[in-house]
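Visitor: sequence and computational prediction follow.
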Amino acid sequence: MELRQQVFALYDTKKQILYISDVSRRPFIANYLQHTLQKEITVKAIYSSVDDFCEVVKIVKGLRFKQVDNMITRQNDNFKETISKTGLDVKEVQIKIGFGDTPVKDARSLLEWIHRERDAFERVIVVGVDDNDIEQTFDYSSILKNIELHLNKDENEHYDASEVKSELLKELRNSGNV
């Protein structure tokens, strides 16, 4: 029997993000890495929207974000007020908010507001817990998207791994994700 199913994975060591060609194979990749590295491995999904995140989590534990002094944040009253209270020449503000065990339905309006105002924030990360008490994160700057590569298969209907790597890196670099 010859397997024709291929899965490709690429790990960005700087961002600690694993790109997988088929997200349904995430458990297989995690199991393979765990077996190979002999370490506990968790491969978490990166959610593509506030809606997707809110469907998975039941409790929001907290969020953190950064605001940097720029043209957009200077127009934001919250940023201006925070800066004026310091009395210093502050270039950025980092805020971490702990919610305790807030039901996602109670935090949803805040998450949607941050999404609407996302140009005023950098590195917004929301931490929640799902029904299995597994921590899930939603990073507004790392939104899941599908990257389509146009590659040729060989006579066995397989893709060349080095060509996949090269094309994926090219696409990721062009999109600013690497």
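Guide: Arrived safely. In this text the structure is predicted, and so the values were computed from the model without any measurement. Numbering: from 1, shown residues only.
Visitor: export stretch 30-42 to PDB, keeping only CA atoms.
Guide: What follows is stretch 30-42, C-alpha atoms only, in PDB (Å, rounded to 0.1, in the frame of the first residue of the first chain):
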ATOM      1  CA  ALA A  30       1.900  16.800  18.000                       C
ATOM      2  CA  ASN A  31       2.200  13.100  18.600                       C
ATOM      3  CA  TYR A  32       5.100  12.800  16.200                       C
ATOM      4  CA  LEU A  33       7.000  15.700  17.800                       C
ATOM      5  CA  GLN A  34       6.300  14.400  21.300                       C
ATOM      6  CA  HIS A  35       7.600  10.900  20.300                       C
ATOM      7  CA  THR A  36      10.600  12.300  18.400                       C
ATOM      8  CA  LEU A  37      11.700  14.900  21.000                       C
ATOM      9  CA  GLN A  38      10.600  12.900  24.100                       C
ATOM     10  CA  LYS A  39       9.000  16.100  25.500                       C
ATOM     11  CA  GLU A  40       5.400  17.100  26.200                       C
ATOM     12  CA  ILE A  41       4.200  18.900  23.100                       C
ATOM     13  CA  THR A  42       1.000  20.900  22.700                       C
END
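Visitor: quick check: buried residues in it?
Guide: Within stretch 30-42, the residues scored as buried using 16 or more other CB atoms under 10 Å are Ala30, Leu33. Every residue, glycine included, has its C-beta placed from N, CA and C.
Visitor: what's it in contact with?
Guide: With contacts defined as CB atoms under 8 Å, 6 or more residues apart in numbering, stretch 30-42 is touched by Val43.
Visitor: what mean pLDDT would you report for that stretch?
Guide: Throughout stretch 30-42, pLDDT has a mean value of 88.
Visitor: neighbours of Arg61, how many?
Guide: Actually, residue 61 is Lys rather than Arg. Neighbourhood size, Lys61 [other CB atoms under 10 Å]: 19.
Visitor: one more: Ser21?
Guide: Neighbours around Ser21, by other CB under 10 Å: 16.
Visitor: same check on Ala107?
Guide: 21.
Visitor: can you give me every residue that contacts the closest residue to it other than its chain neighbours?
Guide: With sequence-adjacent residues excluded and distances taken as CB to CB, 6 or more residues apart in numbering, Ala107 is closest to Val60, at 4.1 Å. Contact partners of Val60, counting by CB under 8 Å, 6+ apart, are Phe99, Thr102, Pro103, Val104, Asp106, Ala107, Leu111, Val126, Val127, Gly128.
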